[in-house]
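Undergrad: this one's structure only:
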């Protein structure tokens, strides 16, 4: 069923670097603002107070549900970023190829159902940054339902502005939107669950998918096939920003890919390359692009390649278009045997790891990266609007 066409959400601007945790307060921010965005709750080692009404929010990117929603959705995503109209129209065609419906929405619904089925004994909500159900509306729904504290599961496993910091900002914006209504209910406090790129279940799910993809190749090509990990390219300036302990987007991806490959073929080499870049050519982004890399692989005399999109948690449109369509087509033109591994999706081991992350925080486990980041963590100056990309998810 197609949702009604919805307008862009009203802006609730936040100061640069605002966080949902007081540890994230910038020196030039008033303490009351950081406390307002977080409700005064600092993630710590103490278990949650008995009787507090808690919930889990699965926070995603969002996607259109029909042809008529595609361009409004893309305009919503890219507002203020100066993306040329022709670029939006080009990406829109990817959605129209699939009847204007992004698979990411059903995938997030399936994840919510899997979490409930795996023993999460809290109400589980789903909200998005860029399309219905918007996080602001879901935050109000939780408040109306009497939720006092929300654990936020972002549908990204890694560091970076877009992959982590912006989810903190989404929650802070939702709180500001709710609290700006004098007649509205009091919203819940919140904390984001930590990064899970190295969680046992995430690694196992990707390893199982990589093994299955290798098995698709002819037996004589499997041992020599080039293993290629992919993730969404981001601007170099964003990628260069390091979080605590030197964590960066690229380092976490390298670590995750290494763990996945070692689970299947210990010590075997792999390449980490990028996909789905956008933005003006004058702005450098992480390279090489997967299609360019396939050409390099072919020129080196390789015969087969297995691509595993470890940078994504589900087979959304960027995966099925950029890899199953464009990359596979490139491989075919080059005479390369090609197999693409699946993503974690609702693999039982992955879902169990997410349940474990939630249990860890509810029990008062020590906060880890992604939960209580400082405000300058993964922060990028945004003189011409927020950094980001044109998605196809």
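TA: Now that the structure is in, tell me what you want to look at. Nothing here was measured: the structure is a model prediction, and the numbers come from that model.
Undergrad: please determine how far residue 95 is located from residue 156.
TA: 21 Å (Cβ to Cβ, to the nearest Å). Glycine gets a C-beta too; all of them are placed from N, C-alpha and C.
Undergrad: now the helices for the stretch 51-200 of the chain?
TA: Ranges of helices in the stretch 51-200 of the chain, per DSSP state H, counting those that start in this stretch, are 70-78, 85-96, 104-117, 135-144, 166-179, 200-216.
Undergrad: quick one, what contacts the residue most central in space within the chain?
TA: Closest residue to the average C-alpha location of the chain: residue 156 at 2.6 Å, with Cα atoms, centre = their mean. For residue 156, the contact set (Cβ atoms under 8 Å, 6 or more residues apart in numbering) comprises 162, 163, 164, 167, 313.
Undergrad: which of those sits closest to residue 282?
TA: Taking Cβ to Cβ as the measure, residue 162 is the one of the contacts of residue 156 closest to residue 282, at 19.7 Å.
Undergrad: count of residues packed around that closest one?
TA: 23 (other Cβ atoms under 10 Å).
Undergrad: likewise for residue 301?
TA: Using other Cβ under 10 Å: residue 301 sits among 6 other residues.
Undergrad: got it, and residue 362?
TA: Count around residue 362 with other Cβ under 10 Å applied: 17.
Undergrad: identify the residue spatially nearest to it, adjacent ones excluded.
TA: Spatially, and ignoring its direct neighbours in sequence, residue 362 is nearest to residue 48 (5.3 Å; Cβ to Cβ, 6 or more residues apart in numbering).
Undergrad: which element is the one you found on?
TA: For residue 48, there is no host helix or strand (DSSP states H and E).
Undergrad: residue contacts, it?
TA: If you count contacts by Cβ under 8 Å, 6+ apart, then residue 48 has 54, 149, 362, 364 around it.
Undergrad: can you check the pLDDT for it?
TA: Per-residue confidence (pLDDT) for residue 48: 82.
Undergrad: also residue 256?
TA: pLDDT, residue 256: 98.
Undergrad: what stretches of the stretch 1-150 of the chain score poorly on pLDDT?
TA: Low-confidence segments of the stretch 1-150 of the chain, defined by pLDDT under 70, are located at 1-45.
Undergrad: and if you look at the stretch 251-393 of the chain?
TA: Counting by pLDDT under 70, the stretch 251-393 of the chain shows low-confidence ranges at 372, 374-376, 379-393.
Undergrad: what about the helices in it?
TA: Under DSSP H, counting those that start in this stretch, the stretch 251-393 of the chain gives helices at 290-299, 317-321, 328-334, 348-362.
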